[in-house]
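J.: 3D model of this:
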Amino acid sequence: MTYCIGIKTKEGIIVASDSRTNAGFDNVNIYSKMFTYDVGDRTIIIVTSGNLGTSQAVYKSIEKDLNDKNVIKNLNTCEDFDQVAKYVGGLNIKHSSPKGINTDTVLLGSTFIVGGQIKGQPMELFLVYPQGNYIKPADSKPYLVIGEVKYGKPILDRVITPDVSIGDASRCALISMDSTLKSDLTVGPPIDFVVYKKDELKITSQKCLNLNDKEFSKVSGEWSEGILKIFNSFPRFDWEK
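T.: Below you'll find the predicted structure:
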């Protein structure tokens, strides 16, 4: 399983993904689930959850199309992010269901979060489904999550609003990932973590974080200490006296 987060703020976009794949208790591996393209007039960040074979095939096709001068459609030729999302969705179907959308599409397909910006256009964030269709996040909740979402989503629901700062959104993403790591053994480090600031057209920060990395361990440790401090401050029940 996996856990991936995409958050769009007024100041920029944050994307995070874990790196664990699990095909049984005795077959655990590490694969990056993030693809970044940071060239010229566009910055594109993609993360994925689902069938590993399909995800890797999609990423390889993206790279192949970028290097093939005879290919008409690739990340460079997409005129906007709707076309980027449609392009990724098409590759998803191509590799999961070569004969078209069928019952195998969901089983063998993958889900993608695609975010970034093309020069002169607004920042965008899309969720691309195994069937190839895609959606944007709700204006009131400007984030997307895929994979093992149940452990990390509650903190996002409480913190991520349309007015959240890019710094607070980044810390919230790390706390959300930390909560999932602690509760689900199928999600594991290292964590690919990218920050993109609006209109810069280049990735502001890209890191591969382990549990002992200073930034991650500080946020995780202080969050845990803060929760325990608040928990211990609750008033006692009458029957406890």
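J.: make it CA atoms for all contacts and neighbour counts henceforth
T.: Fine.
J.: in the protein, which spans are strands?
T.: In the chain, the strands defined using DSSP state E lie at 3-8, 12-17, 20-22, 28-30, 34-39, 42-50, 110-118, 124-128, 134-135, 143-147, 191-197, 205-209.
J.: can I get these in TSV with mean neighbour count, mean pLDDT and distance to residue 67?
T.: As requested, the strands of the chain are exported to TSV (neighbours: other C-alpha atoms under 10 Å; pLDDT from 0 to 100; distance: least, C-alpha to C-alpha, whole Å):
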stretch	mean neighbour count	mean pLDDT	distance to residue 67
strand 3-8	28	98	27
strand 12-17	27	98	25
strand 20-22	20	74	28
strand 28-30	12	72	26
strand 34-39	16	95	13
strand 42-50	24	97	16
strand 110-118	27	97	20
strand 124-128	24	98	24
strand 134-135	16	97	26
strand 143-147	23	97	29
strand 191-197	22	97	24
strand 205-209	14	96	23
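J.: now tabulate these in a markdown table and tack on distance to residue 60.
T.: Shown next, in a markdown table, are those (distance: least, C-alpha to C-alpha, whole Å):
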| stretch | distance to residue 60 |
| --- | --- |
| strand 3-8 | 20 |
| strand 12-17 | 18 |
| strand 20-22 | 18 |
| strand 28-30 | 17 |
| strand 34-39 | 10 |
| strand 42-50 | 13 |
| strand 110-118 | 14 |
| strand 124-128 | 17 |
| strand 134-135 | 21 |
| strand 143-147 | 21 |
| strand 191-197 | 19 |
| strand 205-209 | 21 |
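J.: low pLDDT regions in the chain?
T.: Within the chain, the ranges that satisfy pLDDT under 70 run 22-28, 100-107.
J.: and the contacts of stretch 152-159?
T.: 141, 145, 169, 172-173, 175-180 (C-alpha atoms under 8 Å, 6 or more residues apart in numbering).
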